[in-house]
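Q: got a predicted model here, sequence first, then my questions.
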Amino acid sequence: MKGKILVVDDEEIVLRSCERILKPDGFEVSTSASAAKALELLDENMPGENASPFDVVITDIKMPGMDGIEFMKRLREKDPDISLVLITGYPSQESIKQALALKIVDYLPKPFSPALLAETAEKAVEFRRKSRKPEAVDFGPEMAEKLTGIIEAHKGRPGSLIPVLQEAQELVGFLPPAVQRHIARGLNVPVSEVHGVVSFYSYFTMKPKGKHNVRVCLGTACYVKRAEEILAKLREKLQIDIGEVTPDKIFSLESVRCLGACGLAPVVVVDKDTHGSVNPVKALDILTHYQ
């Protein structure tokens, strides 16, 4: 079993869809049609103080009665370390800001593709498990000193997290968990808040990148136009999986929730070049221009 997930949404079709997608992928899935009932379910199954029977809770933000924000506030009181994923059809900056303050690890914009749901669930479970055990620091003292210098240059300024992350990524090349924890300690913010910002903005990456970074959009507009086939062809051609780099360090491969170019769907972006109306054959032709 990959992990235990609770999905909370007042739309029955969303609950059934999440079950249909996640269960065959190896997740144990429970559902609730309201936040109040979800809290009752958690109380009935809590294994102990400050613990939860679930690794991840995926919750809608707009629900009758108790909304997703209030639900997450109460859930945080029960289990401060549980991974939270927000579902929203209205991903405004204000709602995301509120959610980040509650330490969400990711969000899903409605409608979302099956591939994006599965990928987000895996990341959230992984984050939950990593939070339960310390990891070895994977950068040396010289790098740590430079990161500290970046943090000190921005510390105390409003909105300092994003510029610190930008400069840290330029320095390291990506933002692995050890770098995120170092930044969280330096700015005195929760690690989950740092992770939430890194997950939200497609500019940031938690994996090393190749000379040319290939991103495939899995948003709904692209998904219905064979985006998964395109991704499969690229994985086969490059012989790497999502988040990996080719042995020669030329290409890295990523999937993203949306690139803001739905009118060009399906979309593949290589570095800063956007390629629209791509099909599986054309995707392979695009690679030849960067070799």
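A: That came in fine, so what should we check first?

Q: now the strands: where do they sit in the stretch 1-150 of the chain?
A: For the stretch 1-150 of the chain, applying DSSP state E, counting those that start in this stretch gives strands covering 3-8, 27-32, 56-60, 83-88, 106-109.

Q: now tabulate these in TSV and tack on mean pLDDT, mean neighbour count and distance to Glu152.
A: Placement of C-beta: from N, CA and C, glycine included. Listed next are the strands of the stretch 1-150 of the chain as TSV, based on pLDDT from 0 to 100; neighbours: other CB atoms under 10 Å; distance: least, CB to CB, whole Å:
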stretch	mean pLDDT	mean neighbour count	distance to Glu152
strand 3-8	95	24	37
strand 27-32	96	19	42
strand 56-60	95	26	35
strand 83-88	89	24	30
strand 106-109	82	21	29
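
Q: switch those over to JSON lines; also include distance to Arg185.
A: Shown next, in JSON lines, are these (distance: least, CB to CB, whole Å):
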{"stretch": "strand 3-8", "distance to Arg185": "27"}
{"stretch": "strand 27-32", "distance to Arg185": "32"}
{"stretch": "strand 56-60", "distance to Arg185": "25"}
{"stretch": "strand 83-88", "distance to Arg185": "20"}
{"stretch": "strand 106-109", "distance to Arg185": "22"}
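
Q: tell me who's in contact with Arg235.
A: Taking CB atoms under 8 Å, 6 or more residues apart in numbering, we find Arg235 in contact with Asp241, Ile242, Leu253.

Q: I'd say Ile61 and Phe71 touch.
A: No: between Ile61 and Phe71 there is no contact under CB atoms under 8 Å: 9.1 Å.

Q: so, low pLDDT: which residues of the protein?
A: 46-52, 90-93, 96, 131-139, 202 (pLDDT under 70).

Q: what about 80?
A: Applying pLDDT under 80 to the chain picks out residues 1, 44-52, 81, 89-101, 103, 129-140, 192, 199-203, 207, 257-260.

Q: what about the helices in it?
A: 12-22, 35-45, 68-78, 93-101, 114-131, 141-154, 161-172, 177-187, 191-200, 220-223, 227-238, 280-288 (DSSP state H).

Q: out of those, nearest to Lys209?
A: Nearest of these to Lys209, taken as CB to CB: helix 161-172 at 9.6 Å.

Q: packing partners of that closest one?
A: In terms of contacts (3 or more CB pairs under 8 Å, 6 or more residues apart in numbering; DSSP states H and E), helix 161-172 is packed against helix 141-154, helix 177-187, helix 191-200.

Q: winner for burial among the ones you listed?
A: Using mean count of other CB atoms under 10 Å, the stretch among the helices and strands packed on helix 161-172 with the largest mean neighbour count is helix 191-200, at a mean of 22.

Q: what packs against that helix?
A: Counting contacts by 3+ CB pairs under 8 Å, 6+ apart, helix 191-200 is packed against helix 93-101, strand 106-109, helix 114-131, helix 161-172, helix 177-187.

Q: how about 10 Å then?
A: Other elements packing on helix 191-200 under the criterion 3 or more CB pairs under 10 Å, 6 or more residues apart in numbering; DSSP states H and E are strand 83-88, helix 93-101, strand 106-109, helix 114-131, helix 161-172, helix 177-187.

Q: return the backbone torsion pair for Glu244.
A: Per-residue torsions, Glu244: phi -110, psi 170 (degrees, to the nearest 10).

Q: distance of it from Val214?
A: 11 Å (CB to CB, to the nearest Å).

Q: got any residues that touch both of those two?
A: Leu238, Phe251, Ser252, Leu253, Glu254 (CB atoms under 10 Å, 6 or more residues apart in numbering).

Q: contact partners for the nearest residue in space to His182 that is not next to it in sequence?
A: Closest residue to His182 apart from its sequence neighbours, by CB to CB, 6 or more residues apart in numbering: Leu147 at 5.5 Å. Shown in contact with Leu147 (CB under 10 Å, 6+ apart): Phe139, Val164, Glu167, Ala168, Leu171, Val172, Ala178, Val179, His182, Ile183, Gly186.

Q: run the last query once more with 8 Å
A: Phe139, Ala168, Leu171, Val172, Val179, His182, Ile183, Gly186.

Q: okay, those in CSV with distance to Ile230 next?
A: Below are the contacts of Leu147 laid out as CSV (distance: CB to CB, whole Å):
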residue, distance to Ile230
Phe139, 34
Ala168, 31
Leu171, 32
Val172, 30
Val179, 31
His182, 36
Ile183, 34
Gly186, 40
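
Q: between the residues you listed, which is closest to Leu100?
A: Nearest to Leu100 among those is Ile183, at 14.5 Å by CB to CB.
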